[in-house]
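**Q** generate coordinates for the sequence data below:
(4 chains)
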Protein chains: 2
Amino acid sequence: MDLSVRNDLTCQVRDVLDRVGDKWTLNVVYQLRDGSRRFTDLKRSIEGISQRMLTVTLRNLERDGLVERTVHAVVPPRVDYELTEMGQTLLKTAWELIDWAERHAEDIAHARVRYDAIP
Amino acid sequence: MDLSVRNDLTCQVRDVLDRVGDKWTLNVVYQLRDGSRRFTDLKRSIEGISQRMLTVTLRNLERDGLVERTVHAVVPPRVDYELTEMGQTLLKTAWELIDWAERHAEDIAHARVRYDAIP
DNA sequence: CAGTATCCATCTGGATACTG
DNA sequence: CAGTATCCAGATGGATACTG
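**A** Residues are numbered from 1 along each chain as shown, chains lettered A, B, ... in the order given. Purely as a prediction, here's the structure:
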């Protein structure tokens, strides 16, 4: 990537960061790390997510080509979700940032304590 | 990092992602890539940012120990901001994600067109 | 089971005006 | 120059009820 031609983030990149930065996306992507999962299965494993937000998050991921949705014609309904290849590369990349966050969580917490102690 | 002990994102990581995913943080961090910059200088180079949001964003970064703020006792006031060492590692790591976003922006745009064409 | 539909509280950030 | 203060619109996401 040529940084020299650009001095702020492009709109498309902003768009992807908005997605990745939202409340549930990375969590859902992470839950799909080892293969396909069912809707209710996902819901159970992501603490605190509402049915609505799981649906919204999965739809967005599907729309972006990061997750594939498979409906099985059975009763009761069975729907599986799994990462596409692109979705897997996102997980891999985003994980670096999550890893950074974990490695620096303590430093950041300390910095905040120091900062808040000043006034 | 041991993934096996955890099946969702920790609160602290969530916290960092909220910061990184907000509207201006990465842009500000990026503007500081080559060294210290002044407030108004930053404002000019980040298209669309309001004075309020630049202040808020810089304060948050400072509070987290990612940016250092230096006030020079001159008139008119002069305040410089620069990345700390930790801030530099954030830039480096976040950049991988931005790079991913750029590399896949086209694929995602196409996926959306396909998805939206279905109904 | 896997959703949709509605409503509503909260949060984020933009506009504007003022200041040491 | 480098902020702070106030107000407000729109986006985000949670609760709840209903359905093929």
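**Q** please enumerate the helices of chain A.
**A** Assigned by DSSP state H, the helices in chain A fall at A:11-21, A:25-31, A:39-45, A:51-63, A:85-117.
**Q** for those helices, which one sits closest to DNA strand C?
**A** Among the helices of chain A, helix A:39-45 comes nearest to DNA strand C, with 3.1 Å by Cβ to the nearest atom of the strand. For the C-beta atoms, the positions are set from N, CA and C on the backbone; glycine is no exception.
**Q** tell me, how many residues neighbour A:K92?
**A** 12 (other Cβ atoms under 10 Å in any protein chain shown).
**Q** let me redo that: A:Y115
**A** 15.
**Q** got it, and A:T55?
**A** As a burial measure, A:T55 scores 13 neighbours (other Cβ under 10 Å).
**Q** residue ranges with poor pLDDT in chain A?
**A** Along chain A, the parts satisfying pLDDT under 70 run over A:1-8, A:119.
**Q** so which bits of it are right by DNA strand C?
**A** Within reach of DNA strand C by Cβ under 7 Å from any atom of the strand, chain A has these residues: A:38-41, A:51-52, A:55, A:58-59, A:69, A:76-79.
**Q** and which of those is nearest to A:D18?
**A** A:R59 (15.2 Å; Cβ to Cβ).
**Q** for A:L9, which non-adjacent residue is spatially closest?
**A** Once flanking residues are discounted, A:L9 sits nearest to B:N27: 5.5 Å by Cβ to Cβ, 6 or more residues apart in numbering or on different chains.
**Q** return the closest of the residues of chain A next to DNA strand C with respect to A:I118.
**A** Using Cβ to Cβ, the residues of chain A next to DNA strand C come closest to A:I118 at A:R52, 41.4 Å.
**Q** among the residues of chain A next to DNA strand C, the buried ones, what's the PyMOL command?
**A** Those of those that count as buried under 16 or more other Cβ atoms under 10 Å in any protein chain shown are selected in PyMOL with:
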select buried, chain A and resi 39+58
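**Q** mind giving me a markdown table with the residues of chain A next to DNA strand C and columns for distance to B:G87?
**A** As requested, those are exported to a markdown table (distance: Cβ to Cβ, whole Å):
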| residue | distance to B:G87 |
| --- | --- |
| A:R38 | 41 |
| A:F39 | 40 |
| A:T40 | 42 |
| A:D41 | 39 |
| A:Q51 | 39 |
| A:R52 | 37 |
| A:T55 | 37 |
| A:L58 | 34 |
| A:R59 | 35 |
| A:R69 | 39 |
| A:P76 | 51 |
| A:P77 | 48 |
| A:R78 | 47 |
| A:V79 | 43 |
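**Q** near DNA strand D, which residues of chain A?
**A** A:D18, A:D22, A:K23, A:W24, A:G48, A:I49, A:S50, A:Q51, A:R52, A:M53, A:P76, A:P77.
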